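Q: Structural data only, the sequence is not supplied:
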């Protein structure tokens, strides 16, 4: 398996633009997580899905952020409109529903909003 | 989830064992201890987890005290590639994973 795949690896955009980050989880994994990492706040959980259904979005910072999982192999995190304070590394992770609870992370998307 | 306490940073000489402590005094009976690490600019990587018995795999060993209030991750022969931030997390296996600040380990040549 290729692991969790995120795209793009790097995104540079201007304030006010819409940004869409993409994630393909490991095949067969039931859970998908979106994290954001900054120097100031560390790794923050934004939202997670189970069987394509959002379970907990309490970490989503504000209405400008939205996430979808239209099927088991694809998820998006959208920021509209983007702001400079959204600059961060965004990670996607997935895990199976077995008892180990091991998370597998993608390589992340480095977002810079100018 | 139970809270964990880890030292902010540690140094270890290359080739020596790295022992990373974690305190989790409020851990519940059904909560596991998980360790992840994050090498600079990469996504976190799972290392090991355990409930109450000591565990060992190809990456590390996990020693959990009998009262389960603390644990130690052991990297038996640290290399420069083990320089990373190490996260100790306590949770039930099916719950979400919340990361704390972790321990920044520097392996010194």
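A: That came in fine, so what should we check first? Since the model is a prediction, treat every value here as computed from it, not as a measurement.
Q: what's the neighbour count on residue 33?
A: By default, I'm working from chain A. Other residues near residue A:33 number 26, with proximity taken as other Cβ atoms under 10 Å in any protein chain shown. Heads up, the C-betas are built off the backbone N, CA and C, glycines and all.
Q: oops, I was thinking of chain B
A: 25.
Q: Once you drop chain neighbours, what's closest to it?
A: Leaving out its chain neighbours, the residue that sits closest to residue B:33 by Cβ to Cβ, 6 or more residues apart in numbering or on different chains is residue B:71, at 5.0 Å.
Q: From residue A:34, how far out is residue A:109?
A: For residue A:109, the distance to residue A:34 equals 10 Å [Cβ to Cβ, to the nearest Å].
Q: actually residue B:106, not the one I typed
A: Per Cβ to Cβ, residue B:106 is found 30 Å from residue A:34.
Q: Between those two, tell me which one has more neighbours.
A: Taking other Cβ under 10 Å, residue B:106 and residue A:34 do not tie; residue A:34 has more neighbours (25 against 14).
Q: Okay, and the more buried one sits in which element?
A: Applying DSSP states H and E as the criterion places residue A:34 in strand A:31-38.
Q: by contact count, what packs against that strand?
A: Helices and strands touching strand A:31-38, as assessed by 3 or more Cβ pairs under 8 Å, 6 or more residues apart in numbering or on different chains; DSSP states H and E, comprise strand A:42-50, strand A:74-79, strand A:88-95.
Q: List the buried residues for that strand?
A: Judged by neighbour count using 16 or more other Cβ atoms under 10 Å in any protein chain shown, the buried positions of strand A:31-38 are A:31, A:32, A:33, A:34, A:35, A:36, A:37.
Q: From those residues, pick the one nearest residue A:101.
A: residue A:31 (9.3 Å; Cβ to Cβ).
Q: who touches that closest one in this structure?
A: Counting by Cβ atoms under 8 Å, 6 or more residues apart in numbering or on different chains, residue A:31 touches A:48, A:49, A:50, A:94, A:95, A:96, A:97.
Q: hmm, try it at 6 Å
A: Applying Cβ atoms under 6 Å, 6 or more residues apart in numbering or on different chains to residue A:31 gives the contacts A:50, A:95.
Q: Kindly report the same for the one 4 residues further on.
A: Contacts were defined as Cβ under 6 Å, 6+ apart; by that measure residue A:35 touches A:43, A:45, A:91.
Q: Next: residue A:24.
A: Neighbour list for residue A:24: A:5, A:73 [criterion: Cβ under 6 Å, 6+ apart].
Q: how far away is the residue in chain B positioned nearest to chain A from residue B:36?
A: Proximity of chain B to chain A (Cβ to the nearest Cβ) peaks at residue B:43, 3.0 Å away. The spacing between residue B:43 and residue B:36, counted by Cβ to Cβ, is 10 Å.
Q: how about the nearest residue to the residue in chain A positioned nearest to chain B, chain neighbours excluded?
A: Across chain A, no residue is closer to chain B than residue A:105, which sits at 3.0 Å (Cβ to the nearest Cβ). The spatially closest residue to residue A:105, leaving aside those adjacent along the chain, is residue B:43, at 3.0 Å (Cβ to Cβ, 6+ apart).
Q: pretty sure the one you found is in a strand, no?
A: No. Under DSSP: H, G, I helix; E, B strand; the rest coil, residue B:43 falls outside any strand and is assigned coil.
Q: which residues touch it?
A: With Cβ under 6 Å, 6+ apart, residue B:43 has these contacts: A:91, A:105, A:106, A:107, A:108.
Q: Neighbour count and pLDDT added to the residues you listed, as a markdown table?
A: As requested, the contacts of residue B:43 are arranged in a markdown table below (neighbours: other Cβ atoms under 10 Å in any protein chain shown; pLDDT from 0 to 100):
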| residue | neighbour count | pLDDT |
| --- | --- | --- |
| A:91 | 27 | 98 |
| A:105 | 23 | 96 |
| A:106 | 24 | 97 |
| A:107 | 17 | 96 |
| A:108 | 23 | 97 |
